[in-house]
Each structure stands twice: as C-alpha cells, then as structure tokens.
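K.L.:
structure for the following, please:
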Amino acid sequence: MADVILLLSIVSIWIAVLESIVIMSGAIRFVYRQNRGVLVRSGQLDDFPTVTVMVPAHNEELVITATVEHILQLYYPPDKVQIIVIADNCTDRTADKLKALKARTSYKDRDLLILERTGTGGKSGALNDALKEATGDWICVYDADAAPEHNALYFLIQKAMEQPERYGAVFGRNKARNRGQNLLSQFINLELITIQRVHHTGLWELFGLGTIPGTNFIVKRSLMEEIGGWDEHAITEDTAVSFEILGRGQLIALAPQAEAYQQEPERLDVYMKQRQRWAKGNYRVVVDNIHQLFNRSSWRIKLHVLYYAASYFWFMVAIIVSDLIFIVNLVYQIIALFHPDTLSPFQFSSDLYVYLVIAWALMYYIYVLQINLGLATDIGQSNVRNFILSCVSYFTYAQLFLVISLLAFWSMIVDKVTGRQSKWYKTKRFG
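P.N.:
Residues are numbered from 1 along each chain as shown. I've put the predicted structure just below:
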C-alpha cells in the first residue's frame, strides 16, 4: 500500500511538472511574439465606448483619495467615463474624503457618483448596487487601493475592440506597489510576477483562457446584467463570474500592457486571512463547477475546471504526501546514524524512493525556473536578490501556501456540515 501511495505521488508530481512546462512554453511564445511587435497607443480608437469605473470601498480612508485621483487622470475621454465609488457600510471618513475630492474645481465637470450604501453582500453587493446606476457600455473595476497606470483603461478597451463580439471581458496585470516593504511583500511580489507573467500569459497564448482578477479589468455591462450581477454568496466573486462568462461563450482576454499597482499585505496575519479566503473561495468554485467536466460545456470550461481542481486538490495532496514522506524518511535516516535499529514507518523499494527524490528535485527546479522566467520579462525585477529569494521561497513561502490550503479546505468542510455562512474579509490597508 505504501508503494502505491508513493507511486501515485510521483506520477502526480510528474504531471504537475509537465503542466508547468506546457504553460511556460506558452509564456515564452507570448513574450517572443510581443517583443517582435511594436507597442503603440495607436493614435485614437475609431470609437471610444463609454465606460463606468466602479470602486467598492469599505473603510478605505487611508487610500481612497489617491486611488480615485489615479482613475480621474486616466488617458481616456472624460466625457466617456462615469466613475462610481461605493462607500460600503463605512464607519470612517471614506465618504467625507470622496466628497472633498469631488468638490475640487478641477473635477467639477467629471461624472463622479459617490454611492453610500448600508446593504449586505460585501464587495459583490456593492458592485451590484453600482451596476444599477451604471451607464457605460463597459464596466471597469478597481479595488480601493489600486493605482492604475495612465494608459491602463485605454489598453483594456483597445484589446476589447480587437474582437468586441468575442471578448466578454478583458483583464490586465497587477503589481505590488509595496513590494520592497519587507520579506513577506517581496515573496508576494515573486508570486504575482509568476502568476501574471507566466501562468496568465501561457494559458492565454495556448488556449485563449483567462480569469478575471479582483481588480483592473473590464466586462460588458450587458453581459453582467445577463448574468445577474456578481454572486453575493461567492467568496471569490471574480473566479465565479469568470465561469459565468465562459459559460456564455465569451472569452476573457489578456491586455498585458494594462497595468495597475496594488497594496499587498505586510503582516503575516493579514496575509493568512486574505489567502485563506481566496483558497476557500476557489475550492467552492471548483466544487460548484466540477459537474461541467461531464456535461456538454465547452472545452475551455472543462480545462478551466481541471486547472483549478489540479492546483487546489490533486497536486496539493500529492505535494503534501511527498513532502511528508521525504521529511519523515530524512529524520529517521538521521536518527539511524545513532540508533541503527531504527526503521522509518515508510518502507519502499530503493528504486521507487530514488524516483521520488528525482521528481521532487525536478519540481523544485521548474518552480525556480518559472519564477525567474517571469522576473526576466519585468524590467528591473531580474536581479541577484530576487534569484536568491526564488530559491528560498519554495522551502518557506510555498510551504505556507500548503498550510493555508489545508485550513481553507477544513473551513469549507465545516461550512458544509454546520451550514455556517462565510463572512467576507476586507484586507487591511497600510498608510
């Protein structure tokens, strides 16, 4: 039985390695094609569609003024932009700061609506209330800590206009604005770069597959109205709505030049709560959509379900089992140096254990390689410090993700058994 468990773990790790290689090949191809082209903000679009920018904000007095100023200064015709900032159940000075900003003479002609609400539903509820007031052809969403670059909205719309009938949503890239704050924020920076510059680009290049992030994206207003808005019971409303968009035959396109900065957690407790919420939400999305593997849904939806199921269930279990076996055997081998009669509880044929070590070493190599592939495509990020951090992160930061995943899975099970309702957790900001 032990040999079977080990063999399954080894096979799973090899499949995970193969998946990473395929995605990296797509990312390399994407970068190659992008570098051969010329980046232009092509004069003017033939027609600028109207856009409603929505910013949900719950007790965001520390960051909301700077965020809305960035949005007001975006390169896009002002008469084509409606801005709705939702002061959602705020008990601080968020609404007051927004009113002071709106009162400035430089913004007196801008279409800026401050929506103060006391409803339920967290971020999804706030977005749904704003959707009722939206007038734009496209909905753009930025989190309350976002700092979109000057051309971000233009590039999102430019991508959408390439195939407006086919693209239901377009998403850009997000960067950590406080990446140098401490060791945790530096590790988060590596994670963001790898996901967005390797996984997102690879999946889009090879399969035309994208996922809406929580911020810096646009979606057709008519499509969101057809869907019925954001799911107020979903913990990760962005992933849930992505499946809804794909289910209606629309694609979620990547606009790599559309970049925005966001604030990442600087404390471990804040990080743990945020990532546990994300993991738990993604578990629920997988459970809710696993049936699509067996119905007549499109191959992209099936691939999307498999990607999430493999990442959050299959590969995670395989890595935990292999790590446990590796560590326990290593400890017992050290003990055996002093007590030769000591035997490890995991007894395998020597060849099989060698295969585990090889698979584990290859997985580590691919892990470091994909991080540095992402770093190489981001100006100023490929340096000695980040290379060292990428080598260390597997044994530290990546293992923390396993703990978070286990906690999130257990929390989801408790919710199912007890009927407990999950509460939306707002990430704490830092001034």
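
K.L.:
the stretch 251-400 of the chain: strands as residue ranges?
P.N.:
Listed in chain order, the strands found in the stretch 251-400 of the chain under DSSP state E, counting those that start in this stretch are 251-262.

K.L.:
which parts of it are helices?
P.N.:
Counting by DSSP state H, counting those that start in this stretch, the stretch 251-400 of the chain has helices at residues 268-289, 299-309, 315-338, 350-376, 384-393, 397-418.

K.L.:
compare the ones you listed and give me the one nearest Gly180.
P.N.:
For the helices of the stretch 251-400 of the chain, the distance to Gly180 is smallest for helix 384-393, at 9.9 Å, taking CB to CB. The C-beta positions use only the backbone N, C-alpha and C, and glycine is treated the same way.

K.L.:
helices or strands next to the closest one in the packing?
P.N.:
helix 183-194, helix 350-376 (3 or more CB pairs under 8 Å, 6 or more residues apart in numbering; DSSP states H and E).

K.L.:
residues touching Lys280, list them.
P.N.:
235, 408-409, 411-412, 422 (CB atoms under 8 Å, 6 or more residues apart in numbering).

K.L.:
weakest of the helices of the stretch 251-400 of the chain by average pLDDT?
P.N.:
Comparing mean pLDDT across those, the weakest is helix 315-338, with a mean of 77.

K.L.:
pull the residues that contact that one.
P.N.:
By CB under 8 Å, 6+ apart, helix 315-338 touches 5-6, 8-10, 12-13, 15-16, 342-346, 353, 356-357, 359-360, 363, 399, 402, 405-406.

K.L.:
between that helix and helix 350-376, how many degrees?
P.N.:
120 degrees (axes from the mean of the first three to the mean of the last three CA atoms, to 10 degrees).

K.L.:
and helix 315-338 with helix 299-309, angle?
P.N.:
30 degrees.

K.L.:
output helix 315-338 as CSV, nothing but the C-alphas.
P.N.:
Backbone C-alpha positions of helix 315-338 (Å, rounded to 0.1, in the frame of the first residue of the first chain) are rendered in CSV as follows:
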residue,chain,number,x,y,z
PHE,A,315,-1.3,18.5,-6.9
MET,A,316,-1.7,19.9,-3.4
VAL,A,317,-2.4,16.4,-1.9
ALA,A,318,0.5,14.9,-3.9
ILE,A,319,3.0,17.5,-2.7
ILE,A,320,1.8,17.2,0.9
VAL,A,321,2.2,13.4,0.8
SER,A,322,5.6,13.5,-1.0
ASP,A,323,6.9,16.2,1.4
LEU,A,324,5.7,14.2,4.4
ILE,A,325,7.4,11.0,3.1
PHE,A,326,10.6,12.9,2.3
ILE,A,327,10.9,14.7,5.6
VAL,A,328,9.9,11.7,7.7
ASN,A,329,12.4,9.4,6.0
LEU,A,330,15.1,12.1,6.2
VAL,A,331,14.5,12.4,10.0
TYR,A,332,14.6,8.7,10.5
GLN,A,333,17.8,8.3,8.5
ILE,A,334,19.5,10.9,10.7
ILE,A,335,18.2,9.0,13.8
ALA,A,336,19.5,5.8,12.3
LEU,A,337,23.0,7.2,12.3
PHE,A,338,23.0,7.0,16.1
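
K.L.:
list the buried residues in it.
P.N.:
For helix 315-338, a neighbour-count test (16 or more other CB atoms under 10 Å) marks 315-322, 325-326, 329 as buried.

K.L.:
cool, and stretch 297-316?
P.N.:
Judged by neighbour count using 16+ other CB under 10 Å, the buried positions of stretch 297-316 are 297, 300-301, 303-313, 315-316.
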